[in-house]
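Engineer: here is a sequence with its predicted model. Questions after.
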Amino acid sequence: MTPLRPVVPSRRPRLAIAAIGSALALLGCTLVRGAPTDGRYEGEMCVATNDNPVSCGPAEVWLANGLAQVQVSDIVYRLHLKKDGRMDLVLMHGTMQIDEFSTRYVWTDRVLTFADPDKPVRYRIRFGDHTPRPG
C-alpha cells in the first residue's frame with residue numbers, strides 16, 4: 001500500500017475534501033453532502049419494498065436542528081438525524097404511533113436515503129424548493 005502524501009489545501013482543496021471524505025467513510029462515518037439548511041421544503045418521498053416498483057409522491061418537509069418531519073397525507077415521519085450518520089425514526093398516524101426504528105442515513109445532493117433494518121423497505125426523501133413560512 002502506498003503511503004498517503006500530505007495535501008496542500010490552498011492548492012488542491014477538492015482533493016483535500018475528497019481525502020477527508022474517504023477517511024471518514026473508512027471510519028464508518030457519514031459525509032454530509034448536499035444536506036439542506038433548516039427550513040420548510042416542498043418534497044418528494046419514495047418508498048421501495050422488495051422487488052416492487054418504487055412508489056413516489058409529494059411530501060411536506062421541515063428540517064430544524066437535526067430534526068426532520070416528513071408529512072405524506074395524514075402520515076408523519078419524525079426523524080432525529082444524528083451527526084454520526086445514525087437516525088431514529090418514529091412513524092405517526094395522527095396521535096397513534098405506527099412504527100419506530102433506528103438506522104443509518106446518507107445525504108446526497110439534497111436527497112436523504114435510509115432503510116428499515118427489520119423490513120425490506122427503502123426510503124428516499126428529496127428536499128425540493130425552500131418554501132416561505134405560512135402567515
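Structural biologist: Yep, that arrived. Numbering: from 1, shown residues only.

Engineer: what about the helices in the chain?
Structural biologist: Per DSSP state H, the chain carries helices over the ranges 13-26.

Engineer: bridging residues for the most centrally placed residue in the chain?
Structural biologist: With distances taken as C-alpha atoms, centre = their mean, Leu112 lies nearest the centre of the chain, 2.7 Å away. Leu112 forms beta bridges with Trp107, Ile125, as assigned by DSSP bridges.

Engineer: contacts only, for it.
Structural biologist: Counting by C-beta atoms under 8 Å, 6 or more residues apart in numbering, Leu112 touches Ala35, Ala68, Leu79, Leu81, Tyr105, Val106, Tyr123, Arg124, Ile125, Phe127. In this view, the C-beta of every residue, glycine as well, is placed from N, C-alpha and C.

Engineer: any idea how far Asp84 lies from Arg104?
Structural biologist: Distance, Asp84 to Arg104, using C-beta to C-beta, to the nearest Å: 9 Å.

Engineer: same question but for Leu89, I mixed them up
Structural biologist: Distance from Leu89 to Arg104, by C-beta to C-beta: 11 Å.

Engineer: shared neighbours, these two?
Structural biologist: Common neighbours of Leu89 and Arg104, counting by C-beta under 8 Å, 6+ apart, are Phe114.

Engineer: only the buried residues of stretch 73-90, if you could.
Structural biologist: Residues of stretch 73-90 classed as buried: Val76, Tyr77, Arg78, Leu79, Leu81, Gly85, Met87, Leu89 (neighbour count, 16 or more other C-beta atoms under 10 Å).

Engineer: can you name the two of these that sit furthest apart?
Structural biologist: Farthest pair in those (C-beta to C-beta) is Val76 and Gly85. Separation: 23.0 Å.

Engineer: got the contact list for Tyr123?
Structural biologist: Counting by C-beta under 8 Å, 6+ apart, Tyr123 makes contact with Met45, Cys46, Val47, Leu112, Thr113, Phe114, Ala115, Asp116.

Engineer: again, but for Asp74
Structural biologist: His93, Gly94.

Engineer: lovely, talk soon.
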